[in-house]
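Novice: no sequence on this one, just coordinates:
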């Protein structure tokens, strides 16, 4: 299952549970409040009605007692009328109570009993009124009043008793409602707390299941970044991370293959290059040897011709010089090849570099070459024979690049670590596509070039632990030689 | 003065040097074309100087130098070679000339050694 689905589903479950609990809490609370409301209202109405009944019964009695037999007929009648009103009100309240009792049929006997007791009271009252109106005698009136007192006591005690019961019931209901509230509240608190814990726990579990493999992946990836392809991201789960682990692992395997392939290619390339060099070396050496023999023969036989001739004019012919010059040129080419192929060990000596450069310019003097040197002579430990070959090559190259109005500047500088010698020419520059191959052996843009001059220079400079670089506009070949012996290869 | 022997696998070279020696009145005692012939010639004539080429088929110049020096430690060699990387022990040979060389220089050295 996907992690996102897991997160969505678990959050959905939690949300639904939360929603259900919220609604349950809301409805149960509303239910309890409604029940409480109804019950209390009913109970309160009953108690209030009973209270009114108790009050009216007392009034009822008061008017009867107040009825004075000695008073005028009119005032008696007024008193009686007041009593009748109170009595009617009492009846009305009893009926009210009866109405309230309809909701509780099992308790309907109360109103029945009240009606009975009221009827008895009415009888006793009517008897008393009669006695008082007719003014029978004190004894008779007292007797009737006692009857009424008894009836009233029975009525009121019943009402009191019943009111007590109702009050008890009300208290019980209130207690029950409070308990229900408490229970609902504890259920809500309990469920919410557990929900919170579940949410927190699942959050931790889910984030752990994501972040733990991610941390391991980080360790794995950093190992790969360091070039260790022997690692594996071990994750068997069937989710995105599990699938990612598979992809990641196959990526490592493929990277490893590519790296191995590249390494192999690199080795092969180097081998090819070495073979190329070896072939060049062998060919060059053989060619040089093969050329030197006939060259030597030509040179010596020309000399022989000259010496053995009896013709003095012939001996002085300029052709001999030209032949000699041509032979020397071929010989120089051969030297060039041999300089490159010969694996000569460096013979290091403390050398005055300024002097080498000065004599280089003097030997190849033309007015187009300038030299810029620091006042103090530059001293460096080097193989002066080889460096001289390199400098001659670089100067020759520079001179070949310029036309009649151009110039070559040889510049030497010294800093704490290196000596830098620059060969700058005012020529047209090197074509961009040739910049990267210019130091490759056999690369040449001139018909008479061997393609070995710059390669040989680079070889010599690098043997000294230095660098030969080139930059365009203006064209500058820059030789950097380390001063410290330790950097010599 | 006895003279020299000239050994080179190239007959033209041997002949050219011979001509020069004759011009300089230096006696050429023998001519050879490989190391073994050089040894045989040396044993036969014991010349003042051996003008010797290094690279020759079968028995090369180094072979001749070693073999002759063993029997005749006083033998004097002038080595002429197209190669510059031959290494000899000090005193084994008197001079090494690299082709193409100036004939005057060879004559000068030969004369010194006679």
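Specialist: Nice, I can see it. Quantities reported herein were computed from a predicted structural model and do not represent experimental measurements.
Novice: and the longest helix along chain B, which residues are buried?
Specialist: Criterion DSSP state H: the longest helix present in chain B is helix B:11-23. Going by neighbour count (16 or more other Cβ atoms under 10 Å in any protein chain shown), the buried part of helix B:11-23 is B:13-21. Using the backbone N, CA and C atoms, a C-beta is placed for each residue, glycine as well.
Novice: Toward the C-terminus from it, list the very next helix or strand.
Specialist: Using DSSP states H and E, the helix or strand that follows helix B:11-23 towards the C-terminus is strand B:28-32.
Novice: Distance from the chain centre to that following strand, please.
Specialist: The chain centroid and the centroid of strand B:28-32 are separated by 10 Å under Cα atoms, centre = their mean, to the nearest Å.
Novice: So the residue in the stretch 51-200 of chain A positioned nearest to chain B: helix, strand or coil?
Specialist: In the stretch 51-200 of chain A, the residue found nearest to chain B is residue A:200; the distance is 84.1 Å by Cβ to the nearest Cβ. Using DSSP: H, G, I helix; E, B strand; the rest coil, the structure places residue A:200 in helix.
Novice: hmm, the longest helix of chain B touching chain A?
Specialist: Yes. Counting by Cβ under 8 Å from any Cβ of the partner chain, contacts between helix B:11-23 and chain A involve B:12-13, B:16-17, B:19-20, B:23.
Novice: what residue ranges in the chain score low on pLDDT?
Specialist: No chain was given, so I picked chain A. Scanning chain A for pLDDT under 70 picks out A:1, A:107-108, A:135-136, A:339-344, A:365-366, A:442, A:447-450, A:485-489.
Novice: looking at chain B here, not the other one
Specialist: In chain B (pLDDT under 70), the answer is B:83-91.
Novice: Which positions in it make contact with chain A?
Specialist: B:10, B:12-13, B:16-17, B:19-20, B:23, B:55, B:80, B:82-85, B:98-101, B:103.
Novice: Which stretches in chain B count as strands?
Specialist: Under the criterion DSSP state E, strands of chain B are mapped to B:4-7, B:28-32, B:49-53, B:77-81, B:95-98.
Novice: got those strands as TSV, with distance to residue A:144 columns?
Specialist: Converted to TSV, the strands of chain B look like this (distance: least, Cβ to Cβ, whole Å):
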stretch	distance to residue A:144
strand B:4-7	186
strand B:28-32	188
strand B:49-53	181
strand B:77-81	175
strand B:95-98	175
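Novice: okay if I get those strands as a markdown table plus mean neighbour count?
Specialist: Formatted as a markdown table, those follow (neighbours: other Cβ atoms under 10 Å in any protein chain shown):
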| stretch | mean neighbour count |
| --- | --- |
| strand B:4-7 | 26 |
| strand B:28-32 | 20 |
| strand B:49-53 | 27 |
| strand B:77-81 | 22 |
| strand B:95-98 | 17 |
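Novice: Out of those, the one nearest residue A:417 is which?
Specialist: strand B:95-98 (38.5 Å; Cβ to Cβ).
Novice: Which single residue of the stretch 101-250 of chain A ends up nearest chain B?
Specialist: Closest point on the stretch 101-250 of chain A to chain B, by Cβ to the nearest Cβ, is residue A:227, at 42.3 Å.
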